[in-house]
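Enquirer: sequence? don't have it. structure:
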């Protein structure tokens, strides 16, 4: 089996691009603010992590790009930066190189903003004003196609839509396809932009989003805290270029890490509520480590799913103890800084891990001044910690009782 490494990283989120993201994670900043994408009148939760207009406006304006959903706009910005950091120009690929480049993207909502706006037109105005492109630009499955078209990539182009685990699954499946030799390189990652009136109303109704910190938004996302009261909705895209180790070395590419293992499963239980015993997420993590051929003693950092909901954080803590015993390695939740970007959260966790791996620090879980006694692990509270990340375990848990885990290693 071929060894697969990450040679390019890109981001588009409330912090900005990759460099700004890396600095902000190191400094433990918060990207959460009051909702500004629409008027949140009537909502109990009025906070979110939103990407700046200037970053998303960096895409060249054409007849095609004007049709992009917000999720696709994020993805194109992040993918462009990923190729740039990898030292690759996909527009200069030969036909053979383009055919050997796959796109595997995780997204939960796809063009949900287009769907909502077009339904509003359909039900509130003349049906003749509905865009003839309403269907293709809003489909979740179109996200990878838009990226393939934007960069001229001719290999497999697929969207993995498995809720919160979408981008973790996309990265894992992309790496797996490369290990088998099906393609030579891949653009992988996740994108979601679900801060819309309809989805925010639905999450409000579910009672899973934070409502107590509308006046102090930066304090709202607080995984593992006794004061947590739900997650903060976020948005963003984090993209990675994968290559075989042989190809990366031959062209002198930067190597951020090796994607060593991945595993996933489904509890086949409730569509929203996870089983409280933590056994199935523990199994996914254990299988990912087995696939990576690492022992639990080798893991030096954990990227937690850590949403900030009462049940999730307690169950994840329980799962870690099943895998590692009473004292798992230190780990953190990047959602404390950028909220929950839905299907792209696993990619966000990978990007934060790479930032720490590259600069010798463990990312923090901010807003953790008052830990919950049920959540009694080392979550690196409030501030980043100096330390080497040699092998990292990244955990994701999602709606539909899905679990997914990645293992990445520092390249030596």
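Expert: That came through fine. It should be emphasised that the depicted structure is a prediction, and the values quoted were computed from it without experimental measurement. Residues are numbered from 1 along each chain as shown.
Enquirer: The stretch 201-350 of the chain: strands as residue ranges?
Expert: 235-244, 257-266, 301-303, 331-332 (DSSP state E, counting those that start in this stretch).
Enquirer: Between those, which one is closest to residue 276.
Expert: strand 257-266 (16.4 Å; C-beta to C-beta). Yep, even glycine has a C-beta here, placed from its N, CA and C like the rest.
Enquirer: Could you check the angle the closest one makes with strand 235-244?
Expert: With axes from the mean of the first three to the mean of the last three C-alpha atoms, to 10 degrees applied, the angle from strand 257-266 to strand 235-244 works out at 120 degrees.
Enquirer: Just the buried positions in strand 257-266, please.
Expert: Buried residues in strand 257-266, counted by 16 or more other C-beta atoms under 10 Å: 257, 258, 259, 260, 261, 262, 263, 264, 265.
Enquirer: Repeat that for stretch 273-281.
Expert: Neighbour count says stretch 273-281 has 274, 278, 280, 281 buried, by 16+ other C-beta under 10 Å.
Enquirer: picking up where we left off before, next, format the strands of the stretch 201-350 of the chain as CSV and append mean pLDDT.
Expert: Below are the strands of the stretch 201-350 of the chain laid out as CSV (pLDDT from 0 to 100):
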stretch, mean pLDDT
strand 235-244, 98
strand 257-266, 98
strand 301-303, 98
strand 331-332, 98
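Enquirer: Reformat those strands as a markdown table; add distance to residue 79.
Expert: As requested, the strands of the stretch 201-350 of the chain are exported to a markdown table (distance: least, C-beta to C-beta, whole Å):
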| stretch | distance to residue 79 |
| --- | --- |
| strand 235-244 | 5 |
| strand 257-266 | 17 |
| strand 301-303 | 22 |
| strand 331-332 | 26 |
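Enquirer: Residue 172: which of those strands is closest?
Expert: strand 257-266 (2.9 Å).
Enquirer: name the helices or strands packed onto the closest one?
Expert: Identification of packing neighbours for strand 257-266 by 3 or more C-beta pairs under 8 Å, 6 or more residues apart in numbering; DSSP states H and E yields strand 4-12, helix 166-179, helix 279-292, helix 345-359, strand 402-409.
Enquirer: just checking, what packs against the third one?
Expert: To tie it back to what came earlier, the one meant is helix 279-292. Using 3+ C-beta pairs under 8 Å, 6+ apart: helix 279-292 touches strand 257-266, helix 310-324, strand 391-398, strand 402-409.
Enquirer: what's the angle from it to strand 402-409?
Expert: Using the same axes, to 10 degrees: helix 279-292 against strand 402-409 is 30 degrees.
Enquirer: ok, back up a step: between the buried residues of stretch 273-281, which is closest to residue 101?
Expert: Looking across the buried residues of stretch 273-281 and measuring by C-beta to C-beta, the closest to residue 101 is residue 281, at 32.3 Å.
Enquirer: With respect to residue 298, which of the buried residues of stretch 273-281 is nearest?
Expert: residue 281 (19.3 Å).
Enquirer: got a list of what that closest one touches?
Expert: 274, 315, 316, 319, 395, 397, 403, 405 (C-beta atoms under 8 Å, 6 or more residues apart in numbering).
Enquirer: pLDDT score assigned to the first one?
Expert: Going back to what we said before, that points to residue 274. Looking at residue 274, its pLDDT reads 80.
Enquirer: do the same with residue 120
Expert: For residue 120, the pLDDT comes out at 89.
Enquirer: is it true that it lies in a strand?
Expert: No. Read with DSSP: H, G, I helix; E, B strand; the rest coil, residue 120 is helix and lies in no strand.
Enquirer: Residue 318 contacts residue 275, correct?
Expert: No. Look at residue 318 against residue 275 with C-beta atoms under 8 Å: they stay out of range, at 10.1 Å.
Enquirer: Residues contacting stretch 318-331, please?
Expert: 276-279, 281-282, 285-286, 296, 299-304, 362, 377-380, 385, 387, 393, 395.
Enquirer: ChimeraX command to pick out the buried ones of these?
Expert: ChimeraX command restricting these to the buried ones, with burial defined by 16+ other C-beta under 10 Å:
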select :278,281,282,285,286,299,300,301,302,303,304,362,377,379,380,385,393,395
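Enquirer: could the buried residues of stretch 273-281 be laid out in a markdown table, adding distance to residue 84?
Expert: Formatted as a markdown table, the buried residues of stretch 273-281 follow (distance: C-beta to C-beta, whole Å):
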| residue | distance to residue 84 |
| --- | --- |
| 274 | 38 |
| 278 | 40 |
| 280 | 39 |
| 281 | 35 |
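Enquirer: May I ask you to name the longest helix in this structure?
Expert: Secondary structure assigned by DSSP state H gives helix 70-86 as the longest helix of the chain.
Enquirer: so residue 109 makes contact with residue 193?
Expert: Yes. The pair residue 109 / residue 193 is scored as a contact, 7.2 Å apart, by C-beta under 8 Å.
Enquirer: Between those two, which contacts overlap?
Expert: Counting by C-beta under 8 Å, 6+ apart, the contacts common to residue 109 and residue 193 are residue 71.
Enquirer: quick one: which of these two has more around it?
Expert: Per other C-beta atoms under 10 Å, whichever of residue 109 and residue 193 has more neighbours is residue 193, with 30 against 27.
Enquirer: Could I get the contacting residues of the more buried one?
Expert: Neighbour list for residue 193: 51, 69, 70, 71, 73, 74, 109, 112, 113, 235, 236 [criterion: C-beta under 8 Å, 6+ apart].
Enquirer: bridging residues for it?
Expert: residue 235 (DSSP bridges).
Enquirer: Could you report the separation of the residue of the chain most remote from its centre from residue 333?
Expert: What lies farthest from the middle of the chain is residue 126; by C-alpha atoms, centre = their mean that is 37.7 Å. According to C-beta to C-beta, to the nearest Å, residue 126 stands 46 Å off from residue 333.
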